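**Q** take this sequence and fold it.
(2 chains)
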Amino acid sequence: GQQVMQIPQYQHVQEGEDFTTYCNSSTTLSNIQWYKQRPGGHPVFLIQLVKSGEVKKQKRLTFQFGEAKKNSSLHITATQTTDVGTYFCAGPTSGTYKYIFGTGTRLKVLA
Amino acid sequence: NAGVTQTPKFRVLKTGQSMTLLCAQDMNHEYMYWYRQDPGMGLRLIHYSVGEGTTAKGEVPDGYNVSRLKKQNFLLGLESAAPSQTSVYFCASSHRQGAYNEQFFGPGTRLTVL
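**A** From the prediction side, this is the model:
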């Protein structure tokens, strides 16, 4: 079945350093979503990418969708303590309304 | 506008007991989902529904049943709880697929099965 993998599983950075998490799907995706989950909280939608090679920015966050639509990345510039949490990517299974979530990357920011 | 709500927030069950988790949304969303979250496993889809009266299996449906009798409610039942069902359960809802179909998540139910 379809798999969505994320690396790294954990990342500790000093405040002000950059951070990147990568998402890889075993199949081509029609779109990809990114969510953030704060410790003890629930996932919150960040963005959806649809087009091949698409790049979107939200302040210090940059999201990319690969040309082959099988991978994606989230890059945070100059991390802040408010960026702490787990970042998930999610892709729909072909022809269904089901989304497969990646295993997530847990980010810890050291002040 | 409460968004997605879940009851209860916490529950402890003994092996073999049954229970129902309730999810309610007030956004008139067509799609609703039940996920479980375990450490290191991300979110795994249990069952989902694309409309009132319809349900379908997700990745890990065994041991669970669901019902969507009303558009705003999605119930998850555990018939005979097992320790392997100890997890955090999240409900989510979204509009019918379009340009953006972000999922809105509830606050979660933390379930422990002894």
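**Q** quick check: longest strand of chain B.
**A** Using DSSP state E to define each element, chain B has its longest strand at strand B:42-51.
**Q** please enumerate the strands of chain A.
**A** Under DSSP E, chain A gives strands at A:4-7, A:10-14, A:19-25, A:32-37, A:44-49, A:55-58, A:61-65, A:71-76, A:85-92, A:99-101, A:105-110.
**Q** among these, show the one with the smallest mean pLDDT.
**A** Comparing mean pLDDT across those, the lowest value falls on strand A:99-101: a mean of 91.
**Q** just checking, what packs against that strand?
**A** For strand A:99-101, the contact count by 3 or more C-beta pairs under 8 Å, 6 or more residues apart in numbering or on different chains; DSSP states H and E identifies strand A:85-92, strand B:42-51 as packing neighbours. Heads up, the C-betas are built off the backbone N, CA and C, glycines and all.
**Q** make it 7 Å
**A** Judged by 3 or more C-beta pairs under 7 Å, 6 or more residues apart in numbering or on different chains; DSSP states H and E, strand A:99-101 is in contact with strand A:85-92.
**Q** ok, the strand it packs on: who's next to it in the sheet?
**A** strand A:32-37 (antiparallel), strand A:99-101 (antiparallel), strand A:105-110 (antiparallel) (DSSP bridges).
**Q** any idea which of the ones you listed is most buried?
**A** strand A:99-101 (a mean of 25; mean count of other C-beta atoms under 10 Å in any protein chain shown).
**Q** tell me how far that strand lies from the chain's centre.
**A** 12 Å (C-alpha atoms, centre = their mean, to the nearest Å).
**Q** other residues contacting that strand?
**A** For strand A:99-101, the external contacting residues (C-beta atoms under 7 Å, 6 or more residues apart in numbering or on different chains) are A:2, A:4, A:33, A:88, A:90-93, B:42-43.
**Q** wait, does stretch B:31-45 contact chain A?
**A** Yes - residues of stretch B:31-45 contacting chain A under C-beta under 7 Å from any C-beta of the partner chain: B:31, B:40-43, B:45.
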